[in-house]
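1. Any chance you can model this:
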Amino acid sequence: MTEPNEAPNHLSARQERAWFRISTIVLVLFFLVTGACLSWSQWQAKREDRALWRALMDPSVPDPGVTAAEQAPTAGAIPVEVGVYVERIPKLSIKDSAWSVVFDIWFRWQGDLRDPGEDFVLMEGTIMSKEKLDEATDGQSHYARYRVVAELTKAFRIERFPVDEHMLTIAIESGRSIRERMLFVPDSTSTSISSRVSVPGYRLIRSVGIEKAHSYKTTRGDPRMPAGTKSTFSQYRFGMAFKRDGWGLYLKMFQALYVAVIVSMLACFIKPTDVDPRFGLGVGGLFAAVANSYLVGSYVPDTGQFALADVVNALGILTILVTIIESTISLYLFDHRGEEALSRKLDKAAFGIMLPCFLGVNLLLLIAASA
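-> Numbers count the residues shown, from 1 in each chain. A predicted model of the protein is given here:
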């Protein structure tokens, strides 16, 4: 055991080089591996969002449980042309997994079919009010238009929040007629979205109306149907894709975190034996980063998913932890080993590695997550 009055055992030049090389390599690998893994997860989330849009809104892709033959138009079914005009989207809450909409919907059909507007069903939502605004008929051709106010639920994908995009879907089915009897035909000419539609923080990037077959593997207790009967209905869908508009929310959420991380890195320029300011910067930055994570949590629902915002916060917390570990190593070299020169060299190298790597990983995450 070394006595207090004994001189510390200095490292040889070879040992110094090994210390320095290992420390810098570990630091660089931490950011490279972390950045690659996190960016890959964001890129995968972006691909999954694109695949989800295609699965829901591409009429050539059947829904789960629906065969290609069932998706094909049904011979003998009465075609009903349907379209919507979205007037307003009063509310969109990712936190509450809900949104509301006011829209006009119209139907045009031939023959003696009952008015489809009287018994259509809104999927994944509740019709708060429905008012018939107009109707016309010449005995054979029929037209009816309704104003609908609805509240819908949606499990928003939050993996790319706050550079996210979301698809809002209005989907309706007949509550009475199966697809063999009635087939919705999208009115692509008149279907549109009002210029007054505004979702704070988002901008509309595309919209489309389609028809798909939608099946239910249940008789719903109907005694007239044999057990195991599969009912297939014609479902009209109008999808609207909204993308986060600009970087304002992102900067507001993380400006404090970035300042806290950079301040913690400034500890590299403080003498290791000045323990209070040297470690105080890192500990203070850690508290600021943790507080910022609570702020981010107020924007998203309580799920097991990690949003981009959570990832950025976690990266900031880990980086601050790395600065504290580096300060501990530097203090050990400076005070216990007497390697003042190596301590200063390690501090400078750590700052030169951590700052560009931290900023670079954040930029890479944004590129991977952005559409």
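2. three-state assignment of Leu266?
-> helix (DSSP: H, G, I helix; E, B strand; the rest coil).
3. do the one 5 residues further on as well
-> Look at Lys271: counting by three-state DSSP, its state is coil.
4. how about the nearest residue to it, chain neighbours excluded?
-> Excluding the flanking residues, the one nearest Lys271 by CB to CB, 6 or more residues apart in numbering is Arg278, at 7.2 Å. Every C-beta, even on glycine, is put in place using the N, C-alpha and C of the backbone.
5. And the contacts of the host helix or strand of the one you found?
-> Arg278 belongs to helix 275-297 when elements are defined using DSSP states H and E. Applying CB atoms under 8 Å, 6 or more residues apart in numbering, the external contacts of helix 275-297 come out as 253-254, 256-257, 259-261, 263-264, 266-267, 270-272, 307, 309-310, 313-314, 316-317, 320-321, 323-324, 327, 331.
6. What is the burial count for Asp58?
-> 12 (other CB atoms under 10 Å).
7. Likewise for Ile262?
-> 16.
8. residues touching it, list them.
-> Leu355.
9. now Leu315
-> Thr34, Leu38, Phe358, Val361, Asn362, Leu365.
10. ok so the last one is a helix residue?
-> Yes: remark: Leu365 belongs to a helix, assigned using three-state DSSP.
11. Run through the residues that contact it.
-> Gly35, Leu38, Ser39, Gln42, Leu308, Val311, Val312, Leu315.
12. The fourth one and Ala241, how far apart?
-> When CB to CB, to the nearest Å is the yardstick, Gln42 and Ala241 sit 18 Å from each other.
13. any idea which element Val312 lies in?
-> Short version: Val312 belongs to helix 308-331, going by DSSP H and E.
14. quick one: Gly215 and Ser234 touch, right?
-> Wrong residue type there; residue 215 is Ser, not Gly. No: if you go by CB atoms under 8 Å, Ser215 and Ser234 don't touch, sitting 11.1 Å apart.
15. related to what we said a few turns ago, so for the helix holding Val312, what's the average pLDDT?
-> Average pLDDT, helix 308-331: 94.
16. Now that helix: buried residues?
-> Within helix 308-331, the residues that qualify as buried are 308-313, 315-317, 319-320, 322-324, 326-327, 329-331, counting by 16 or more other CB atoms under 10 Å.
17. Repeat that for stretch 60-80.
-> Those would be Pro62, Val66, Glu70, Gln71, Thr74, Ala77, Pro79, Val80, for stretch 60-80 by 16+ other CB under 10 Å.
18. and the end-to-end length of it?
-> 20 Å (CA to CA, to the nearest Å).
19. contact partners of that stretch?
-> So stretch 60-80 is contacted by 54-55, 59, 107-111, 113, 116, 179-185, 212-215, 217, 232, 234 (CB under 8 Å, 6+ apart).
20. Tell me which of these fall in helices.
-> Arg54, Ala55 (DSSP state H).
21. Would you map the helices across this structure?
-> 13-57, 68-71, 248-265, 275-297, 308-331, 340-369.
22. Any idea which of those gets closest to Glu131?
-> helix 13-57 (28.1 Å; CB to CB).
23. Which neighbouring elements make contact with the closest one?
-> strand 165-174, strand 231-244, helix 308-331, helix 340-369 (3 or more CB pairs under 8 Å, 6 or more residues apart in numbering; DSSP states H and E).
24. Would you give the sheet partners of the second one, along with the direction of each?
-> In this case it means strand 231-244. Within its sheet, strand 231-244 is paired with strand 165-174 (antiparallel), strand 202-216 (antiparallel), according to DSSP bridges.
25. So for Ser215 and Ser234, which sits in the more crowded spot?
-> Each of Ser215 and Ser234 has its neighbours counted (other CB under 10 Å); Ser234 has more, 27 against 20.
26. distance of that one from Met182?
-> 6 Å.
27. burial of the residue nearest to Lys132 when sequence neighbours are not counted, as a residue count?
-> Nearest non-adjacent residue to Lys132, counting by CB to CB, 6+ apart: Tyr146, 5.4 Å away. Residues within reach of Tyr146, counting by other CB under 10 Å, total 22.
28. tell me the contacts of Tyr146?
-> So Tyr146 contacts Asp104, Ile105, Trp106, Gly117, Lys130, Glu131, Lys132, Leu133 (CB under 8 Å, 6+ apart).
29. The fourth one contacts Trp109, doesn't it?
-> This means Gly117. No: shown here, Gly117 and Trp109 do not form a contact pair, counting by CB under 8 Å, at 10.3 Å.
30. Please identify the deepest-packed of the strands paired with strand 231-244.
-> strand 165-174 (a mean of 21; mean count of other CB atoms under 10 Å).
31. Pro162 against Arg244, yeah?
-> Yes: counting by CB under 8 Å, Arg244 is a contact partner of Pro162 at 6.3 Å.
32. So which of those two has more stuff around it?
-> Taking other CB under 10 Å, Pro162 and Arg244 do not tie; Pro162 has more neighbours (24 against 20).
33. Next, work out how far apart the more buried one and Gln255 are.
-> 13 Å.
34. For this protein, which residues score under the pLDDT cut-off?
-> The chain contains residues with pLDDT under 70 at 1-11, 371.
35. No further queries at this time; thank you.
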